[in-house]
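[1] Predicted model, plus sequence, below.
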Amino acid sequence: MRAFGHLLAAQARRDRWLLPIWILGIGLLGGAIGTAISGQFADVAERASIAALASANPAFLFLRGLPDGLSIGALAFFQSFSFIGVLAGFMSTFLVVRHTRADEELGRAELVGSTPIRRSTALAATIALGVIANLLLIVVVAVGYIVGGLPAGGSITAALAVGSVGLFFVGATAVVVQFLPSGRASNGVAAALVGAAYLIRGIGDALGTPNAQLTRVTPSGLSWLSPIGWGQATRPFSEPTLAPLVLSSAGFGLLAIAALTLRSRRDLGASLVPERRGRPGARLGGRSVLGLAWRLQRSTLLGWCIGVAVLGSIAGGLGPVVAEAVEGNPSLSNLIANLVPGTTADVVHIFTSALLGIGGVLAGAAGVQAVLRLRAEEAEGRAELLLATPVSRPRWVGATLVVATGSVLAVCTVIGTVTGIAIANSSGDVAAVARFSGAALAHTPAALVFVAITALVFAIVPRLTIPLGWGLLVIGLVLGQFGALLQLPEWLQNISPFHHSSALPVEDLNVAAASVLLATAVLGAALAMVLIRRRDLVS
């Protein structure tokens with residue numbers, strides 16, 4: 001028990017800066033959305049319009065979640081919960097991998113294991129830290145909602161729903177790390193589980209049934225397969241109930257017990273899914289720096305492409321459903337015209353472009369992850385071996401940036417092409433393939449800016465590459481997706497590259513903005529390659 005306490009304290013100390021950033025950031029976002037809803041939609045008629053628009057549109061339900069009444073709290077929960085739940089899931093997955101499989105790779109776990117403690121003690125400390133982090137998250141989110149002007153009872157229930165999502169993924173990730181041989185693979189699979197929870201919840205909500213007044217939607221049974229759907233089912237600001245959270249708690253408990261059992265029977269560094277042996281000799285692609293960068297990223301890129309292909313097929317598949325909803329409710333077009341003044345675009349294009357915007361963010365994440373590989377190679381000592389050969393640092397960084405750029409283009413191309421094929425298959429419009437492929441590629445300049453920024457951070461402050469790489473991407477996403485809702489100053493919204501992406505085919509391509517974004521990305525990448533020459537390697 002004493003060793004458990006020491007390990008828990010050591011892990012908490014390592015996360016003394018990172019976890020507060022996650023927890024306070026999520027809490028501030030919830031409070032800011034509550035404040036914005038209270039001020040921007042004080043009139044019941046305005047809230048009724050938003051609820052009606054969402055209730056009658058499966059694509060809107062897929063993106064944001066379920067309307068559940070016309071109160072300010074219900075609207076704030078509807079607008080924020082799915083996104084905040086995803087953030088809580090990511091916080092928990094990264095925490096568990098960081099203190100388990102990543103420690104085994106870096107040798108820290110071997111030092112701990114050399115002491116007279118049980119094999120599972122370190123994992124038990126990590127799970128306990130995950131529980132503490134999510135309990136603190138519950139408190140901060142509840143305070144944020146209350147400060148934002150929402151009722152205290154509903155705010156506490158909503159915060160418990162957010163914490164339950166994070167808690168479930170603590171247990172799920174603890175099991176994942178027992179199966180996979182590396183921290184990178186564990187992070188990828190655990191993050192994919194969070195994404196799958198969002199997608200399953202989205203599909204289940206999109207297939208939900210609205211009431212006659214279009215103020216509430218009952219989800220389909222599919223939403224009950226997602227921990228985010230369980231949290232949403234608490235309905236904190238209409239008919240609050242904690243019963244769905246029993247599923248999250250039970251799931252966490254069972255997964256945690258399974259993980260501890262597996263860890264007690266697994267050797268240090270081993271995995272239930274063995275790492276595949278490499279070839280005895282490198283092929284042509286493995287004999288160059290660019291080939292090495294591609295080899296390190298190809299499996300991860302395949303995972304990103306499969307994920308966005310699923311999202312693209314959903315986006316295209318929802319098109320006929322949205323069109324049918326509009327035809328069955330002629331007043332809906334007038335409502336959209338009032339909420340999105342000046343638009344003449346087809347309602348299907350409006351929501352499909354929103355899904356392609358998410359694809360652009362995922363493309364940026366794929367590119368950022370490729371650049372973060374540089375930091376892993378440096379911290380784990382492999383970069384030192386590589387750079388001992390006649391390979392310059394700019395060439396090493398440049399090869400990774402080429403692969404990162406290719407990752408961004410590949411992800412955008414896949415989601416655009418799959419979306420176009422799905423829409424062409426349902427509508428017979430073959431030109432949709434080229435149209436939506438181009439619409440997805442319009443988001444690549446913004447995504448490439450984040451690739452360049454991450455490379456710059458790596459060249460200047462390498463130890464902050466991972467937190468700043470992901471953190472800046474999340475900030476850009478929040479400013480782009482919620483800037484208008486939060487009524488942030490225009491200059492602050494303009495900081496996010498995603499704010500300048502053209503939402504084709506709803507609007508025309510802003511050539512000037514795209515050119516500036518591309519120029520910024522090229523300049524940032526070039527500067528990173530220059531600055532990397534001026535610092536020492538840092539483990």
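    Good, I have the coordinates.

[2] which regions of the stretch 251-400 of the chain lie under the pLDDT threshold?
    Residues of the stretch 251-400 of the chain meeting the criterion pLDDT under 70: 275, 278-286, 318-348.

[3] Show me where it has its helices.
    With DSSP state H, counting those that start in this stretch as the criterion, the stretch 251-400 of the chain has helices at 289-328, 331-339, 347-379, 382-387, 393-427.

[4] right, and these - which one's nearest residue 102?
    When the helices of the stretch 251-400 of the chain are ranked by proximity to residue 102, the top entry is helix 347-379, at 9.4 Å, counting by Cβ to Cβ. For the C-beta atoms, the positions are set from N, CA and C on the backbone; glycine is no exception.

[5] quick revisit: would TSV of the helices of the stretch 251-400 of the chain with mean neighbour count be doable?
    Below are the helices of the stretch 251-400 of the chain laid out as TSV (neighbours: other Cβ atoms under 10 Å):
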stretch	mean neighbour count
helix 289-328	19
helix 331-339	14
helix 347-379	24
helix 382-387	14
helix 393-427	22
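
[6] Any chance of the ones you listed in TSV with distance to residue 54 as columns?
    Converted to TSV, the helices of the stretch 251-400 of the chain look like this (distance: least, Cβ to Cβ, whole Å):
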stretch	distance to residue 54
helix 289-328	11
helix 331-339	11
helix 347-379	11
helix 382-387	49
helix 393-427	21
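
[7] Neighbours of residue 494, how many?
    Residue 494: 13 surrounding residues under other Cβ atoms under 10 Å.

[8] my read: it touches residue 500, true?
    Yes - with contact defined as Cβ atoms under 8 Å, residue 494 counts as touching residue 500 (7.3 Å).

[9] now the residue of the chain most remote from its centre, what's its secondary structure?
    Relative to the centre of the chain, and counting by Cα atoms, centre = their mean, the farthest-placed residue is residue 116 at 39.0 Å. Under the three-state scheme (DSSP: H, G, I helix; E, B strand; the rest coil), residue 116 adopts coil.

[10] Now do the contacts for the closest residue to residue 421 other than its chain neighbours.
    Nearest non-adjacent residue to residue 421, counting by Cβ to Cβ, 6 or more residues apart in numbering: residue 433, 5.8 Å away. Shown in contact with residue 433 (Cβ atoms under 8 Å, 6 or more residues apart in numbering): 417, 420, 421, 424.

[11] Would you mind checking which of these is nearest to residue 23?
    Nearest member of the contacts of residue 433 to residue 23, counting by Cβ to Cβ, is residue 417, at 38.9 Å.

[12] Please name the residues that touch that closest one.
    Listed by Cβ under 8 Å, 6+ apart, the contact set of residue 417 reads 312, 433, 436, 437, 440.

[13] sorry, back to before: out of the helices of the stretch 251-400 of the chain, the one nearest residue 83 is which?
    In terms of Cβ to Cβ, the element of those nearest to residue 83 is helix 347-379, at 10.7 Å.

[14] tell me the mean pLDDT over whatever helix or strand residue 177 lives in?
    Under the criterion of DSSP states H and E, residue 177 resides in helix 152-179. Averaging pLDDT along helix 152-179 gives 96.

[15] Buried residues in that helix, which are they?
    154-179 (16 or more other Cβ atoms under 10 Å).

[16] Show me this structure divided up by domain.
    1-271, 284-534 (automatic domain parsing).

[17] For residue 277, find the nearest of those domains.
    Residue 277 lies closest, by Cβ to Cβ, to one member of the domains of the chain: domain 1-271, at 11.5 Å.

[18] which residues make contact with stretch 499-507 from outside it?
    If you take Cβ under 8 Å, 6+ apart as the criterion, stretch 499-507 is touched by 343, 345, 349-350, 353-354, 356-357, 360, 435-436, 438-439, 442-443, 445-446, 479-480, 483, 493-494, 508-510, 513-514, 516-517.

[19] among the residues you listed, which are in strands?
    Judged by DSSP state E, strands contain none of the contacts of stretch 499-507.

[20] Only the buried members of the residues you listed: can you turn that into a ChimeraX selection?
    Applying 16+ other Cβ under 10 Å to these, the buried members can be selected in ChimeraX as follows:
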select :349,350,353,354,356,357,360,435,436,439,442,443,445,446,479,480,483,493,509,510,513,514,517
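
[21] Next up, the contacts around the residue lying closest to residue 485 once chain neighbours are set aside.
    Spatial nearest neighbour of residue 485, chain neighbours left out: residue 36 (5.5 Å); criterion: Cβ to Cβ, 6+ apart. Listed by Cβ under 8 Å, 6+ apart, the contact partners of residue 36 are 485, 486, 487.

[22] between those residues, which is nearest residue 86?
    Nearest to residue 86 among the contacts of residue 36: residue 485, at 16.8 Å, using Cβ to Cβ.

[23] So the closest one sits against residue 78, correct?
    No - using Cβ under 8 Å, residue 485 makes no contact with residue 78, being 11.7 Å away.

[24] Those two: which has the busier surroundings?
    A direct count of neighbours by other Cβ under 10 Å for residue 485 and residue 78 places residue 78 higher, at 25 against 16.

[25] And the more buried one, how close does it get to residue 311?
    Applying Cβ to Cβ, to the nearest Å, the value for residue 78 to residue 311 is 21 Å.
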